[in-house]
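>>> the sequence and its predicted three-dimensional model are supplied below.
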Amino acid sequence: MEDQEIIELYFRRSEDAIAETRSKYGAYCNTIVYGILHDSEDSEECLNDTYLRLWDTIPPEKPENLKAYIARLVRNSALNMYKKRNAARRGGDFVKVALDELRDCVPDSTSGITEKLELRDLAERFLRELTETERVIFLRRYWYMCPISEIAETCGIKEYKVASILKKTRKLLKRYLEKEGAGI
Amino acid sequence: MNEMQFLEALGEISDDLIEEAAPERKLKHTKKPVWRTCVAAACMTAAALAVGTLGHYMYRGSEKSVIRGGTVMSEPPEKQYSLGGHYAFGRKNIYRHIR
């Protein structure tokens, strides 16, 4: 079913909307949420929360890109759950690894840029300056929280190359944020 | 601002970027082109042939240079030449005496 038809179902308040969403984007959402939480029960709970939020937000929202809209909801929901629960204790330390990697290139809380929107714009401008490969690898790591081995497999390149591209991109990010006045 | 805030802010980027990086999407241009594989195979074959040929000639060369008593023995007697063994006989060529 096309995205527009699914959105129509939400607008008509038909319960088929959730079933269709689950059937079309269930696996995609599961990849995102499991990449963050690494726990089947938590992932299931998080996915259910996401479907509920979709039901609550459409309407009035009418997303142009349903896939990205759901991905954003599910990721935010998973990150919130990660923060609430002790993820490390549950073995979901993939986010912790990603956070550790970003520690050296992201400014601390005393820096000038504290607004989420401002940081989002900066991040987006930075991403658009990268090559497609660099951007995709960076986002797969820090947006989808994919492990390096998985990124290497899906991109068709060696793991050491992925690690090297990520390292280079983090350096570029650090330099970019410093240049834009968000230095550490 | 800390790393978690950055991750959260990153979550708000545009739809096209999110979709572009979706894990199920394959990156086509990162795959090695076929011609590169062919060139690599051709180079490896050429290198293997070169090593084989060189090895063959070196082996044949070493067979010819077996020295017995200062003389190359694999050559026919009339072509045999001294490798300095005659110095032991007071600078005389021993083959002159043999003939």
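Noted; the coordinates are in hand. Numbers count the residues shown, from 1 in each chain, chains lettered A, B, ... in the order given.

>>> so for the helix or strand harbouring residue A:124, what's the average pLDDT?
Counting by DSSP states H and E, the element that carries residue A:124 is helix A:116-129. Averaged across helix A:116-129, pLDDT comes to 83.

>>> which secondary structure elements does it sit against?
helix A:132-142, helix A:159-179, helix B:3-10, helix B:15-20 (3 or more CB pairs under 8 Å, 6 or more residues apart in numbering or on different chains; DSSP states H and E). Quick note: C-beta positions are derived from backbone N, CA and C, even for glycine.

>>> show me what secondary structure element comes after the first one.
Scanning the chain past helix A:132-142 towards its C-terminal end, the next helix or strand to appear is helix A:148-155 (assignment: DSSP H and E).

>>> distance check, the residue most central in space within chain A against chain B.
The centroid of chain A falls nearest to residue A:143 when counting by CA atoms, centre = their mean (3.2 Å). Distance of residue A:143 to chain B, computed by CB to the nearest CB, to the nearest Å: 6 Å.

>>> got a list of what that residue touches?
A:75, B:10, B:11, B:13, B:18, B:21 (CB atoms under 8 Å, 6 or more residues apart in numbering or on different chains).

>>> so which strand or helix has the first one?
Read it as residue A:75. helix A:66-84.

>>> who are the packing partners of the helix or strand that that helix is followed by?
Scanning forward in sequence from helix A:66-84 by DSSP H and E, the next helix or strand is helix A:94-103. Helices and strands touching helix A:94-103, by 3+ CB pairs under 8 Å, 6+ apart, are helix A:16-37, helix A:132-142, helix A:159-179, helix B:3-10.

>>> figure out which of those is closest to residue B:44.
Comparison of those against residue B:44 by CB to CB identifies helix A:159-179 as nearest, at 21.8 Å.

>>> who's in contact with that closest one?
So helix A:159-179 is in contact with A:101-102, A:104-107, A:113, A:122, A:126, A:129-130, A:133-134, A:137-138, A:141, A:148-149, A:151-152, A:155, A:183-184, going by CB under 8 Å, 6+ apart.

>>> around chain A, pick out the residues from chain B.
By CB under 8 Å from any CB of the partner chain, the residues of chain B that approach chain A are B:1-27, B:29-31.

>>> how about the helices of chain B, start to end?
B:3-10, B:15-20, B:34-64, B:94-98 (DSSP state H).

>>> nearest to residue A:60, of the ones you listed?
The nearest among those, by CB to CB, is helix B:15-20 at 18.2 Å.

>>> now do the closest one, average pLDDT.
Over the span of helix B:15-20, the pLDDT mean works out to 85.

>>> re the thing from before, tell me what the helix holding residue A:75 is packed against?
helix A:3-11, helix A:16-37, helix A:40-57, helix B:3-10, helix B:15-20.

>>> do that again at 7 Å, thanks
Here helix A:66-84 touches helix A:3-11, helix A:16-37, helix A:40-57, helix B:15-20, going by 3 or more CB pairs under 7 Å, 6 or more residues apart in numbering or on different chains; DSSP states H and E.

>>> who's in contact with the lowest-mean-pLDDT helix or strand in chain A?
Lowest mean confidence among the helices and strands of chain A (mean pLDDT, DSSP states H and E): helix A:94-103, at a mean of 76. By CB atoms under 7 Å, 6 or more residues apart in numbering or on different chains, the surrounding residues in contact with helix A:94-103 are A:35-36, A:38, A:82, A:87-88, A:141-142, A:145, A:147, A:170, B:3-4, B:6.

>>> please repeat the previous calculation with a cut-off of 6 Å.
A:36, A:82, A:88, A:142, A:145, B:3 (CB atoms under 6 Å, 6 or more residues apart in numbering or on different chains).

>>> show me which residues of it are buried.
Within helix A:94-103, the residues that qualify as buried are A:94, A:95, A:98, A:99, A:101, A:102, counting by 16 or more other CB atoms under 10 Å in any protein chain shown.

>>> domain parsing for chain A?
By the record's domain assignment, chain A is partitioned as A:3-85, A:94-179 (automatic domain parsing).

>>> endpoints of the first one, how far apart?
When you say that, I think you mean domain A:3-85. Terminal residues of domain A:3-85 lie 33 Å apart, using CA to CA, to the nearest Å.

>>> got it, and the last one?
Start and end residues of domain A:94-179 are separated by 29 Å (CA to CA).

>>> what about that domain, distance to the chain center?
Remark: domain A:94-179 is offset 12 Å from the chain centroid, using CA atoms, centre = their mean, to the nearest Å.
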